[in-house]
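Peer 1: Turn this into a structure:
(one chain, ligands or ions: 1)
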Amino acid sequence: MKYEPSNLEVLLTKLAFKFYEKAVYKEYADRLPITGHESVLDFGSGMGTVAYYVSKRLIQGNLVCLDISSKWLEACRKNLRRCGHVSFMHGDIYSLPLKDESFDLIYCHFVLHDVADSELVKIIPVMAGLLKPKGTLAIREPLRDTGKIKVIQNFIEQNGFEKKDSRVTDVPHMNTTLESVYIKS
Ligand SMILES: C[S@@+](CC[C@H](N)C(=O)[O-])C[C@H]1O[C@@H](n2cnc3c(N)ncnc32)[C@H](O)[C@@H]1O
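Peer 2: Reported below is the predicted structural model:
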């Protein structure tokens, strides 16, 4: 579903990121399996809340921030303007010029729960194709809608991923979340 935020929503997200949510995103970025040389895709980067910290961990690798919303991607460009190793892509993952088996890691932070099942069924196989063999798919989603979480898990597992790790975390202002890490088998 294409969705553009209001200017107020962008402003409030920027303020929240600046003043009290940084630690939330940094902690998640620090837990991602990154050594510094990976090719990484942030699917649904928003204003780059997680990407900001991921880019700092990449010594030589590269990070692509992808979002379907031009407004969020513009905010992301601004937020990450001083960060290296980053590029930005606007649009649908399945119609962008991304190379198969080119990413070591794809992460989705608070994105998939909002994506319609009819889209997920197309998006997750594309993610599988974009990952290198043994590549990692990491997700963090709110746990409040357990039905949707199950749908997401099923789609992922039906597309050749094996679950490596899963944990429930309590996140300030986001309530309980599920973090899972899958390996492309
Ligand atoms: C709740 S925000 C999360 C943003 C960011 N990951 C974070 O945690 O701060 C969800 C983001 O996913 C993006 N999004 C939703 N559906 C998408 C799709 N099909 N392809 C790419 N981005 C999408 C939205 O535009 C929005 O920026």
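Peer 1: For the chain, just list every one of the strands.
Peer 2: Along the chain, the segments classed as strands by DSSP state E run 39-43, 62-67, 86-90, 103-109, 131-142, 161-171, 175-184.
Peer 1: Save those as a markdown table, and put in distance to the ligand too.
Peer 2: C-betas here are computed from N, CA, C, even on glycine. Shown next, in a markdown table, are these (distance: least, C-beta to the nearest ligand atom, whole Å):
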| stretch | distance to the ligand |
| --- | --- |
| strand 39-43 | 6 |
| strand 62-67 | 5 |
| strand 86-90 | 9 |
| strand 103-109 | 4 |
| strand 131-142 | 8 |
| strand 161-171 | 10 |
| strand 175-184 | 10 |
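Peer 1: do you know which of those strands lies nearest residue 27?
Peer 2: strand 161-171 (8.6 Å; C-beta to C-beta).
Peer 1: mind listing what that closest one pairs with, with the direction of each?
Peer 2: Using DSSP bridges, strand 161-171 pairs in its sheet with strand 175-184 (antiparallel).
Peer 1: follow-up on the earlier one: output the strands of the chain in a markdown table; the columns should cover mean neighbour count and mean pLDDT.
Peer 2: Listed next are the strands of the chain as a markdown table, based on neighbours: other C-beta atoms under 10 Å; pLDDT from 0 to 100:
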| stretch | mean neighbour count | mean pLDDT |
| --- | --- | --- |
| strand 39-43 | 24 | 98 |
| strand 62-67 | 23 | 98 |
| strand 86-90 | 16 | 98 |
| strand 103-109 | 23 | 98 |
| strand 131-142 | 20 | 97 |
| strand 161-171 | 13 | 94 |
| strand 175-184 | 18 | 95 |
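Peer 1: beta partners of the residue nearest the centre of the chain?
Peer 2: For the chain, the residue nearest the mean C-alpha position is residue 108 (2.4 Å; C-alpha atoms, centre = their mean). Legend: beta-bridge partners of residue 108 under DSSP bridges are residue 139.
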